[in-house]
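K.L.:
Quick one, structure for this:
(one chain, ligands or ions: 1)
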Amino acid sequence: MSDMRLAVIGASGRMGQMMIRTIAETPGVILTGALHRSNSSFIGQDAGELAGCRHLGIATSGSPEEVLANADGIIDFSTPTLTVEIAKLAAQGGIAHVIGTTGMSQDDLMRIKSSACNTVVVRSGNMSVGVNLLAAICEKISRALDPEWDIEIVEMHHRLKKDAPSGTALLLGEAAARGRKKSLSDCMVNNQHVPRRDGEIGFAVLRGGNVIGDHTVIFANTNERIEITHRAQSRELFCHGAIKAALWARHQKPGLYSMADVFITE
Ligand SMILES: NC(=O)c1ccc[n+]([C@@H]2O[C@H](COP(=O)([O-])OP(=O)(O)OC[C@H]3O[C@@H](n4cnc5c(N)ncnc54)[C@H](OP(=O)(O)O)[C@@H]3O)[C@@H](O)[C@H]2O)c1
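P.N.:
Numbering: from 1, shown residues only. Model prediction:
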C-alpha cells in the first residue's frame, strides 16, 4: 500500500511541530500539508524546516482547503473552533480525521458526530497507549468497588494549557463513571464542591511550568486508598498514537471512533 498522505492542523503549535517531526521519521506516512494562521509570517516556508527537522518540500499554508487537497488523513491538535471547521471539510472530502484537540463543547461534539456520518473520525482526549490502558483499568476498578468508595481525579499540565479539566482527566472520569453505570455529567464535581456526597467524581486541576501531562486517579474509602498515576514524559507518545490512529482509520467505515477502538482492533 502507498504511503498515507497526512495534513497537520495546528502546525505552529507545540503538538503540531512535534507531529511534523514525527511524521518525517515514521515509515508509511508522508506530510502533504501543514496549516498555520492565514496571517502568519511563516506562510510559504518549508514545514519541515520550521518544525526543526529537515526540508520536506511542503510549504506551510493558511488555507484549509489547500492543506487538505492532497491528504488521505488529517491530524488535528488545534482549537475547538478550528477542529469543527476542519471536520466539515473532512466530511465533504471523505478524509479520515484524527482529532486530539480538547476542550470541546457539547455543540462542537455534535458537529463532529455529524461529520463522522461521512468519514472516519478518531477522537480522543489522549492518544497514548498508557492512558487508554489506565482508563480500561479505572472502569474495571470502579465496577468492582462499592459505592461508598470516593473517586478523585487529579491532573497537572503546563501553565499555558487552555482547557480544564484536561481531555485526559475527562476520559478517565468517563471510564470511572461507566464502571458505575453512570454518565459523568451526572456525577462530576470540581474541587471546590465540598463536602463530597456518595457517588460523586471529583476533579482537581493543577497548572505550572512545562508539565506535559500528569494524571492520578484515586479510589478512597475510610480504610484504604488506591492511586494509579500516568505521567507523559514526551509529546512524542501522542504523535505516535495519532499516526497509529490515522493508519488504522484508512481501513474503517465512516463513523466516530476512540483510541480504545484503535488499540483493541489493531
Ligand atoms: N489528545 C491528546 O493526546 C493531546 C495531547 C496533547 C495536547 N492535546 C490537545 O491538543 C491541542 C493543542 O495543544 P498544543 O499544546 O499543541 O496547543 P498550542 O501550542 O496552542 O497549538 C494550537 C495551535 O493551533 C493554532 N491555531 C488555532 N486556531 C487556528 C486557526 N484558525 N488557523 C490556523 N492555526 C490555528 C494555534 O496558532 P496560534 O499560536 O497562532 O494561536 C496553535 O499553534 C489542545 O487542545 C491540547 O489539549 C491533546
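K.L.:
what secondary structure does Gln252 sit in?
P.N.:
Here Gln252 is recorded as coil under DSSP: H, G, I helix; E, B strand; the rest coil.
K.L.:
Show me what from the stretch 51-200 of the chain comes close to the ligand.
P.N.:
For the stretch 51-200 of the chain, the contact set with the ligand under C-beta under 6 Å from any ligand atom comprises 77-79, 82, 100-103, 124-127, 163, 167. All C-beta spots, glycine's among them, are computed from the backbone N, C-alpha and C.
K.L.:
Output these as JSON lines; include the columns secondary structure and neighbour count.
P.N.:
Below are these laid out as JSON lines (DSSP: H, G, I helix; E, B strand; the rest coil; neighbours: other C-beta atoms under 10 Å):
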{"residue": "Phe77", "secondary structure": "coil", "neighbour count": "26"}
{"residue": "Ser78", "secondary structure": "coil", "neighbour count": "22"}
{"residue": "Thr79", "secondary structure": "coil", "neighbour count": "18"}
{"residue": "Leu82", "secondary structure": "helix", "neighbour count": "16"}
{"residue": "Gly100", "secondary structure": "coil", "neighbour count": "26"}
{"residue": "Thr101", "secondary structure": "coil", "neighbour count": "25"}
{"residue": "Thr102", "secondary structure": "coil", "neighbour count": "24"}
{"residue": "Gly103", "secondary structure": "coil", "neighbour count": "17"}
{"residue": "Ser124", "secondary structure": "coil", "neighbour count": "26"}
{"residue": "Gly125", "secondary structure": "coil", "neighbour count": "26"}
{"residue": "Asn126", "secondary structure": "coil", "neighbour count": "27"}
{"residue": "Met127", "secondary structure": "coil", "neighbour count": "26"}
{"residue": "Asp163", "secondary structure": "coil", "neighbour count": "17"}
{"residue": "Gly167", "secondary structure": "helix", "neighbour count": "20"}
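K.L.:
Now do the strands for the chain: every range, in order, please.
P.N.:
4-9, 29-34, 73-76, 96-99, 120-123, 150-157, 188-190, 201-207, 214-220, 225-231, 255-257 (DSSP state E).
K.L.:
who touches the longest one?
P.N.:
It stands for strand 150-157. 142, 165-166, 168-169, 172-173, 176, 196, 200-208, 211-221 (C-beta atoms under 8 Å, 6 or more residues apart in numbering).
K.L.:
That strand: how far from the chain's middle?
P.N.:
18 Å (C-alpha atoms, centre = their mean, to the nearest Å).
K.L.:
Check the model's average confidence along that strand for me.
P.N.:
In this model, strand 150-157 has an average pLDDT of 98.
K.L.:
gap between whatever residue of the stretch 1-150 of the chain ends up closest to the ligand and Gly62?
P.N.:
Closest contact between the stretch 1-150 of the chain and the ligand, by C-beta to the nearest ligand atom, is at Gly13 (2.0 Å). As for Gly13, its distance to Gly62 is 15 Å (criterion: C-beta to C-beta, to the nearest Å).
K.L.:
Could I have the CA atoms of the helix or strand bottoming out on mean pLDDT in the chain written out in CSV?
P.N.:
None of the helices or strands of the chain scores lower by mean pLDDT, DSSP states H and E than helix 259-265, at a mean of 87. Taking C-alpha atoms only, helix 259-265 is exported to CSV below (Å, rounded to 0.1, in the frame of the first residue of the first chain):
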residue,chain,number,x,y,z
MET,A,259,-8.3,5.3,20.7
ALA,A,260,-9.8,2.3,22.6
ASP,A,261,-11.2,1.1,19.2
VAL,A,262,-7.7,1.6,17.6
PHE,A,263,-5.8,-0.3,20.3
ILE,A,264,-8.3,-3.1,20.7
THR,A,265,-8.8,-3.9,17.0
